[in-house]
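> pasting the structure only:
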Ligand SMILES: Nc1ncnc2c1ncn2[C@@H]1O[C@H](COP(=O)(O)OP(=O)(O)OP(=O)(O)O)[C@@H](O)[C@H]1O
Ligand SMILES: [Mg+2]
């Protein structure tokens, strides 16, 4: 592994990198940065959580000319949260440079964005719909940019953003540099992407598995009606620091997060039907640890980087291998360990095998812990909590009441009752989820057959207003096709 110094990165960026705590360049950074600095187009593929953002952000920053006051680079991303996150990472890297990146996305006041655009940011990160909107209003001009990046390129093209992306790129100079990044890059999408690239260099990290090696993968065979209780049991046993739970539909996400809250867990839901403010609130609660479970549709599957996510639960099996790879990639990032758990109903066993084959991973089958095991784990946690409070000596105000109680009952009885209260078994709180139809692997279809999958204008990004219970990404083509993950 090389240091950033060896990659020929300028001083101010190196200082920012040191502040961010990066010691060595990751493999994709080591490969992509020098190539990007020569001005070549790149199709870059590397496992989730391996620093693709900095791999394109650093070359952008090296290229920006601070003496010029116009937009010089754009990054296009599939979701609002990702557009925000990418601009934050760029701004961290640009800390000592006087360069600013601005996120532009749907759901935020357009007037506010217009004001922000007037301040002449050097770099724009945005979702396709809103970028186009600004281009059409002439509040954003891309005729002098020198770089365009498509983060999660395969997803955007697959979601039917092709036309939008072509329209955006039409506004940019012919001789700009184009970079494409994703953890997955199916061949047909790669071919499609080459349409707007010039002799791109393919940088693919040599890895046996498509999934990050730091993520341990398991699955449980669970009947649909038992899923929720099993989930609670696993949460008690696993005791994740932060967890992301993926559900198939918006309704599912709402019902799951309500149910979890009723059972005493700190959870909140994220999906495309929430307004932008609600989405921002949920994400910041999760980032700050005010909730420890994020329940989400695939809207949170791509690119989202929250440190401390130790567990990913696929409450519903993902619809294709790519979705699986990206979902479980929310844990095990930047070399940390993670555990990915998938619930598979008996009718879906074939699908988990296809996913395993396509992602060349090893998804180990496990048996659901018993109620007794879950209880034991809860008691152990309660005990640890009590011991911690004893050690921190945080009990003085309770002493008088304690001695009063001890006059009447023996100590074992009282400690047992205290433990019982701490391990409150919420099983009595009934939670009923609406059943989801099982997913079947349909015959592989050619991509972009017929009409591309689009919602109505302005709402394409992150799957705008679907009805309750609708898929967050409407009727995706099935991609259970071997070798689709290049
Ligand atoms: N060289 C490095 N050393 C240590 N940490 C790094 C390095 N480069 C990036 N990181 C950190 O690793 C985390 C993951 O990076 P990033 O989000 O760019 O991954 P990614 O490859 O884009 O993943 P995904 O496929 O999920 O989008 C981030 O928190 C980032 O700050
Ligand atoms: Mg990324």
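On my side now, so go ahead. Worth saying up front: this structure is predicted, and the values here are computed from it rather than measured. Ligands and ions are numbered 1, 2, ... in the order given.
> endpoints of stretch 36-55, how far apart?
In terms of CA to CA, to the nearest Å, the two terminal residues of stretch 36-55 are separated by 9 Å.
> mind listing what's buried along it?
Buried residues in stretch 36-55, counted by 16 or more other CB atoms under 10 Å: 36, 40-55. Where you see a C-beta, it was placed from the backbone N, CA and C, and this is true even at glycine.
> so which of the residues you listed reach ligand 2?
By CB under 5 Å from the ion, the members of the buried residues of stretch 36-55 lying near ligand 2 are residue 52.
> so which of the buried residues of stretch 36-55 sit within strands?
Among these, DSSP state E puts 42, 43, 44, 45 in strands.
> tell me which residue is most central in this protein.
Centroid check for the chain by CA atoms, centre = their mean gives residue 304 as the closest residue, at 3.1 Å.
> check what pLDDT that residue gets.
In this prediction, residue 304 carries a pLDDT score of 97.
> list the contacts of it.
81, 82, 85, 330 (CB atoms under 8 Å, 6 or more residues apart in numbering).
> what subset of these is buried?
Counted by 16+ other CB under 10 Å, the contacts of residue 304 give 81, 82, 85, 330 as buried.
> the residue of the chain found nearest ligand 2 - how many residues pack around it?
The chain approaches ligand 2 most closely through residue 303 (4.0 Å), counting by CB to the ion. Using other CB atoms under 10 Å, the number of residues around residue 303 comes to 26.
> my read: it touches residue 77, true?
Yes - between residue 303 and residue 77 there is a contact at 6.8 Å, judged by CB atoms under 8 Å.
> okay, and the common contacts of the two?
Shared contacts of residue 303 and residue 77 (CB under 8 Å, 6+ apart): 86, 151, 152.
> helices - which of those land there?
Counting by DSSP state H, the part of the shared contacts of residue 303 and residue 77 found in helices is residue 86.
> what's the helix or strand residue 169 falls within in contact with?
For residue 169, the host element (DSSP states H and E) is helix 162-170. Helix 162-170 is contacted by residues 74, 76, 128-129, 131-132, 135, 142, 148, 150, 156-157, 178, 192, 196, 448, 452, 460 when judged by CB under 8 Å, 6+ apart.
> so what's residue 86 up against?
Contacts of residue 86 (CB under 8 Å, 6+ apart): 53, 57, 75, 77, 101, 103, 125, 151, 303.
> just flag the most distant two among those.
Spatial extent of those (CB to CB) is set by the pair 101 and 303 at 15.4 Å.
> now do the SS call for the nearest residue to residue 110 once chain neighbours are set aside.
Nearest residue to residue 110, sequence neighbours excluded (CB to CB, 6 or more residues apart in numbering): residue 133, at 7.1 Å. With DSSP: H, G, I helix; E, B strand; the rest coil as the basis, residue 133 sits in helix.
> from residue 389, how far off is residue 133?
Distance, residue 133 to residue 389, using CB to CB, to the nearest Å: 54 Å.
> equivalent analysis for residue 81, please.
Plainly put, residue 81 is 37 Å away from residue 389 if you go by CB to CB.
> with residue 112 instead?
Counting by CB to CB, the gap from residue 112 to residue 389 is 46 Å.
> what of residue 110?
Distance check for residue 110 against residue 389: by CB to CB, it reads 51 Å.
> could you do residue 124 as well?
50 Å.
> looking at the two, which is more packed in?
Taking other CB under 10 Å, residue 124 and residue 389 do not tie; residue 124 has more neighbours (26 against 12).
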